Every structure is written in C-alpha cells, then in structure tokens.
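> A structural model of the following input is requested.
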Amino acid sequence: MSDPDLDFTTGDAGASSTYPQQCSALRKNGFVVLKARPCKIVEMSTSKTGKHGHAKVHMVGIDIFNGKKYEDICPSTHNMDVPNIKRNDYQLLNITDGFLSLLMDNGEVREDLRLPDSDIGKEIETRYEAGEDILVSVLAAMGEEAAVAIKSISK
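Residues are numbered from 1 along each chain as shown. Model prediction:
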C-alpha cells in the first residue's frame with residue numbers, strides 16, 4: 001500500500017553526509033559516526049569470536065565538535081557510517097559579537113561561524129587581538145561546522 005504523504009521528488013544532489021565502511025576496515029585516528037555524532041576514533045580493539053559469534057570491534061570515539069566521548073561495539077563484518085569531512089582554511093578578518101569573519105577562497109566573507117567556546121577560541125581571540133595574521137581551519141561534517149585549529153600566515 002502506498003503512502004500519499006511520502007514525497008520522493010526532493011533530495012539533494014550533493015554528496016551524502018556519510019558513507020558506509022566495514023567495521024574491520026576502520027582505523028584509529030579515522031572517523032566514524034557513533035550515536036549519530038561524527039567522531040574521531042581514539043581507541044579500537046577487536047574481540048575474539050565465540051563458538052558461534054563474529055569478531056566484535058569495540059570503538060571509542062571523541063565527537064569532533066563537542067569533545068564528548070562515545071563508545072560502540074559492532075561485529076567486524078558489519079558496516080558503520082563514516083562522516084564525509086571537509087576541512088577548509090580561511091583567513092581571519094575580524095571577530096564580531098562572538099562570530100568570526102572569514103575570508104573564503106572566492107573572495108567572499110562568511111560571518112556565520114561562531115568563535116568556539118574552547119581553548120582554540122581563546123587562542124584565536126588572543127592572536128587576533130595581538131594583530132597576528134592567522135588561518136582558521138574549519139571542519140565540516142554532517143551539517144555542522146566548527147573552527148578546530150589555527151595557523152599563522154607566514155609573511
């Protein structure tokens with residue numbers, strides 16, 4: 001029976017926010033989706049198979065945006081979602097009301113990214129106030145973005 005409320009005509013043509021990868025192919029320092037959050041894998045261990053079971057992979061990941069720790073166990077033959085992560089460096093132009101003004105490659109300025117509430121945010125602010133020219137690395141995954149690192153622009 002078809003549901004008249006389902007509408008399949010929309011759908012973004014862009015890349016999906018995640019892709020599947022077999023559990024046994026994941027690696028430490030790689031990325032994985034744990035509890036619906038994009039995480040960096042910090043610990044991995046594989047347990048031996050039981051009499052009838054499959055090897056299980058135990059993973060510990062740190063959320064790339066909020067730093068929370070998540071754990072999961074999955075059979076090594078199963079697929080896990082891996083977030084598509086984009087990393088871009090932008091030149092910092094200004095900080096206004098807790099938002100960063102960043103110069104994009106195409107010459108446009110984006111001002112929708114919040115100054116992070118972390119040590120990185122404090123460092124961005126300190127170095128900006130000291131008059132340094134810095135690049136801000138912005139990580140984007142699963143519809144979220146955050147400034148995660150900074151580099152000095154060498155003159």
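> so who does Asp133 touch?
With contacts defined as Cβ atoms under 8 Å, 6 or more residues apart in numbering, Asp133 is in contact with Gln91, Leu92, Ser152, Ile153, Lys155. Bear in mind the C-beta positions are built from the backbone N, C-alpha and C, glycine included.
> Can you tell me which of the residues you listed has the most neighbours?
Greatest neighbour count in the contacts of Asp133, by other Cβ atoms under 10 Å, goes to Leu92: 20 neighbours.
> That residue contacts Glu129, doesn't it?
No: judged on Cβ atoms under 8 Å, Leu92 makes no contact with Glu129 at a distance of 11.3 Å.
> farthest pair in the contacts of Asp133?
Greatest spatial distance in the contacts of Asp133: Leu92 and Lys155, 15.0 Å, computed using Cβ to Cβ.
> What are the boundaries of the helices in the protein?
Along the chain, the stretches classed as helices by DSSP state H are 119-129.
> So Leu115 versus Arg87, what's the distance?
In this structure, Leu115 and Arg87 are separated by 18 Å, where distance is defined by Cβ to Cβ, to the nearest Å.
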